[in-house]
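# this one's structure only:
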């Protein structure tokens, strides 16, 4: 699984990245987590509000930070 956190580096973006890495590790999810902070790359996903979460090239969340449980559900399905 490929997971990308889209965001320019704001506190919410950093929080989503940290939370995502924790959920992946705690649940033994086989994934590569990367942070995308290039505005042009972010806009290529059609995202105008950050942070955003991309799983296998599909935007699954944008504009907010989910709870750990919601994030787990997004990553496991």
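Okay, I see it. Keep in mind that what you see is a predicted model, and the values were worked out from it rather than measured. Numbering: from 1, shown residues only.
# going by C-alpha atoms from here, please, whenever you check contacts or count neighbours.
OK.
# how close does residue 24 sit to residue 64?
18 Å (C-alpha to C-alpha, to the nearest Å).
# what about the two, which has more around it?
Per other C-alpha atoms under 10 Å, whichever of residue 24 and residue 64 has more neighbours is residue 24, with 19 against 14.
# same for the helix or strand hosting that one, what does it pack against?
Taking DSSP states H and E as the criterion, residue 24 maps to helix 11-26. Using 3 or more C-alpha pairs under 8 Å, 6 or more residues apart in numbering; DSSP states H and E as the contact test, the elements touching helix 11-26 are strand 2-6, strand 32-36, helix 68-76.
# and the residue nearest to the spatial centre of the chain, what element?
Central residue of the chain (C-alpha atoms, centre = their mean): residue 53, 2.9 Å from the mean position. Assessed by DSSP H and E, residue 53 sits inside strand 52-55.
# what does that strand contact?
Residues from elsewhere that reach strand 52-55, judged by C-alpha atoms under 8 Å, 6 or more residues apart in numbering: 1-7, 13, 59-64, 75.
# repeat that for stretch 58-75.
So stretch 58-75 is in contact with 12, 15-16, 19-20, 23-24, 45, 47, 49-55, going by C-alpha under 8 Å, 6+ apart.
# let me have the helices and strands packed on helix 11-26 in a markdown table, extended by mean pLDDT and mean neighbour count.
Below are the helices and strands packed on helix 11-26 laid out as a markdown table (pLDDT from 0 to 100; neighbours: other C-alpha atoms under 10 Å):
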| stretch | mean pLDDT | mean neighbour count |
| --- | --- | --- |
| strand 2-6 | 98 | 22 |
| strand 32-36 | 97 | 15 |
| helix 68-76 | 94 | 14 |
